[in-house]
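**Student:** Starting from these lines, generate the structure:
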Amino acid sequence: MPGTARQVDLLVAQAQSTGRAPSLVMGVVRDGSLVHVATGGEHPTAHPDLQYRIGSISKTMTAVTVMQERDAGRLNLDDPLEEHLPDTGVGGLTLRQLLGHASGLQREPVGEWWERAEGTDLATLLTGVNADKIAYPAHRAYHYSNLAYGLLGGVLERTTGTPWAELVHRRILDPLGLRRT
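**Tutor:** Model (predicted):
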């Protein structure tokens, strides 16, 4: 284990330095137990119990849940968004286009969003969605869109009758034992 620990410590120090990560934490688990923790950086100060913001990993969870609903036959990737969220005013954009950042929707919804947004409810999100939110025609270019994934979360809420956060906990986080995510 001492050789592994030294190697992990070195990897963390290099990753933090060359990747210019403000901070990072890496743990080595053997036989279900945490046997070594390596930390790097000070913004925030890294420690074994530190929780980082989840950020865009939530898009992966949204996509997984959309695919679960597709597999269950409750939606189709080629469904127009307006089939699930009527009157959005964005035309026939499909769930597939939203998932692949190919819809042409602008990056952010209306209001404070970038980095520290707590999010909003579906009704508030939808009040700011209209044809003006289309930055490019669909499939013209890859255009990263938090707005598209917010709308997909809304589709999930309407399809399942369950708020997005609760749905993701029930379907992904809880089964994986991710109690602090």
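
**Student:** Contacts only, for residue 138.
**Tutor:** 93, 94, 97, 102, 103, 104 (C-beta atoms under 8 Å, 6 or more residues apart in numbering). Placement of C-beta: from N, CA and C, glycine included.

**Student:** for residue 35, phi and psi?
**Tutor:** When read as degrees, to the nearest 10, the backbone of residue 35 gives phi -110, psi -20.

**Student:** likewise the one 3 residues further on?
**Tutor:** When quoted as degrees, to the nearest 10, the phi and psi of residue 38 stand at phi -120, psi 140.

**Student:** All the strands of this protein, in order from the start?
**Tutor:** Along the chain, counting by DSSP state E, strands occupy 23-30, 33-41.

**Student:** Of the ones you listed, which is nearest residue 77?
**Tutor:** strand 23-30 (35.0 Å; C-beta to C-beta).

**Student:** Give me the buried positions along that closest one.
**Tutor:** 23, 24, 25, 26 (16 or more other C-beta atoms under 10 Å).

**Student:** sorry, back to before: out of the contacts of residue 138, which is nearest to residue 15?
**Tutor:** residue 102 (31.6 Å).

**Student:** now the closest one, nearest residue through space, not along the chain?
**Tutor:** The shortest distance from residue 102 to any non-neighbouring residue, by C-beta to C-beta, 6 or more residues apart in numbering, is to residue 139 (5.2 Å).

**Student:** Residue 34 now?
**Tutor:** residue 27 (5.2 Å).

**Student:** hey, which helix or strand in this structure has the poorest pLDDT?
**Tutor:** None of the helices or strands of the chain scores lower by mean pLDDT, DSSP states H and E than helix 122-127, at a mean of 79.

**Student:** so who does residue 143 touch?
**Tutor:** Counting by C-beta under 8 Å, 6+ apart, the residues that residue 143 touches are 101, 102, 103, 104, 105, 106, 107, 135, 136.
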